[in-house]
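Asker: Can you look at this prediction? I've put the sequence above it.
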Amino acid sequence: MTDKLTPKEKECLHLAGRRLSDAEIAQRLEMSPRTVGNHLARAYSKLGVHDRIRAAAKLSNLHPEYPLPIGYEDEGASLSQSSAQRTGANGGGLAAAFANLPPPPSRMMRVFLILAVATGVAFVFAGVTVIMSVSSERASTFAPENAR
């Protein structure tokens with residue numbers, strides 16, 4: 001079935017699975033976006049699917065040299081096996097730690113956090129400056145006359 005896929009169809013599917021647009025794929029492969037669309041349409045037909053994610057997933061299952069990016073299993077793409085299951089790797093370690101991270105905050109929350117941290121840093125620097133100036137003034141006040 002996928003033995004009939006041409007190398008260009010495989011490349012186009014692999015890049016489409018990485019969420020690149022036809023224009024971006026065309027730019028990378030030095031061809032027109034219309035040609036990319038034709039390659040993808042022929043590949044969909046050969047694989048018996050109707051969208052790029054399922055086609056890329058099928059390509060990844062049948063050809064491990066074209067892996068899908070991490071996270072496709074969570075998006076409902078019909079994958080029969082994850083790459084960890086195919087290779088026999090356990091899901092522990094760093095991958096498990098990243099999988100347990102919460103989703104990133106919204107854009108407004110990130111702006112707020114950046115401003116809060118910047119304000120805190122400014123207060124710390126202001127405090128250090130005041131302490132330094134007061135301590136140098138006190139040191140000059142209590143220094144012996146011949147040390148000035």
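Answerer: Here it is on my side, so go on. Numbers count the residues shown, from 1 in each chain.
Asker: next SSE after the helix or strand hosting E9?
Answerer: Element membership for E9 (DSSP states H and E) is helix 7-17. Heading C-terminal from helix 7-17, the first helix or strand you meet, by DSSP H and E, is helix 22-29.
Asker: That following helix: how far from the chain's middle?
Answerer: Distance of helix 22-29 from its chain centroid, counting by CA atoms, centre = their mean, to the nearest Å, is 20 Å.
Asker: Show me the chain divided up by domain.
Answerer: 2-89, 107-147 (automatic domain parsing).
Asker: Most tightly packed of these?
Answerer: Comparing these by mean neighbour count (mean count of other CB atoms under 10 Å), domain 2-89 ranks first with a mean of 16. No exception for glycine: its C-beta is placed from N, CA and C like everyone else's.
Asker: Could you point out the longest helix of this protein?
Answerer: Ranked by number of residues, the top helix in the chain under DSSP state H is helix 107-142.
Asker: one step back: send me the helix holding E9 as CSV with only the CA atoms.
Answerer: The C-alpha coordinates for helix 7-17 follow below in CSV (Å, rounded to 0.1, in the frame of the first residue of the first chain):
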residue,chain,number,x,y,z
PRO,A,7,9.6,9.8,-2.0
LYS,A,8,8.1,13.3,-2.6
GLU,A,9,4.7,12.1,-1.3
LYS,A,10,6.4,10.8,1.8
GLU,A,11,8.3,14.0,2.4
CYS,A,12,5.2,16.1,1.9
LEU,A,13,3.2,13.9,4.3
HIS,A,14,5.9,14.0,6.9
LEU,A,15,6.1,17.9,6.8
ALA,A,16,2.3,18.1,6.7
GLY,A,17,2.2,16.0,9.9
